[in-house]
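1. quick one: sequence plus predicted model below, questions after.
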Amino acid sequence: MIDHDRLFKELISTFFIEFLELFFPQVLAYTDTSSIEFLDKEIFTDVTEGEEYETIPLA
């Protein structure tokens with residue numbers, strides 16, 4: 001079975017600057033591309049309670 005989530009994350013992290021350059025050049029002008037860091041976890045916030053939940057990747 002294909003791990004679509006992993007492939008999508010790899011695609012985004014590989015071509016993120018090019019994506020901004022093509023679709024959001026105004027945003028890229030204000031972005032310090034050397035400080036972009038991709039995290040290996042996702043954070044979900046419960047808006048009503050204000051609590052944060054983290055997911056960690058499975059190896």
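-> Noted; the coordinates are in hand.

2. CA only for contacts and neighbour counts going forward, please
-> Fine.

3. low-confidence ranges in the chain?
-> For the chain, applying pLDDT under 70 flags the ranges 56-59.

4. the top helix by length along the chain: what's the following helix or strand?
-> Of all the segments assigned as helix in the chain under DSSP state H, the longest by residue count is helix 4-23. In the C-terminal direction, the helix or strand that comes right after helix 4-23 (DSSP states H and E) is helix 25-29.

5. counting contacts, what elements does that following helix pack onto?
-> When contacts are defined as 3 or more CA pairs under 8 Å, 6 or more residues apart in numbering; DSSP states H and E, helix 25-29 packs onto helix 4-23.

6. now the helix it packs on - C-alpha only, CSV.
-> C-alpha atoms of helix 4-23 as CSV (Å, rounded to 0.1, in the frame of the first residue of the first chain):
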residue,chain,number,x,y,z
HIS,A,4,0.3,8.9,0.6
ASP,A,5,0.8,11.0,3.7
ARG,A,6,4.6,10.5,3.7
LEU,A,7,4.8,11.2,0.0
PHE,A,8,2.7,14.4,0.3
LYS,A,9,4.9,15.7,3.1
GLU,A,10,8.0,14.9,1.2
LEU,A,11,6.6,16.7,-1.9
ILE,A,12,5.7,19.8,0.2
SER,A,13,9.1,20.0,2.0
THR,A,14,11.0,19.5,-1.3
PHE,A,15,9.2,22.1,-3.4
PHE,A,16,7.8,24.5,-0.9
ILE,A,17,9.9,27.5,-2.0
GLU,A,18,9.1,26.8,-5.6
PHE,A,19,5.4,26.6,-4.7
LEU,A,20,5.5,30.0,-3.0
GLU,A,21,7.5,31.4,-5.9
LEU,A,22,4.9,30.3,-8.4
PHE,A,23,1.6,30.9,-6.5
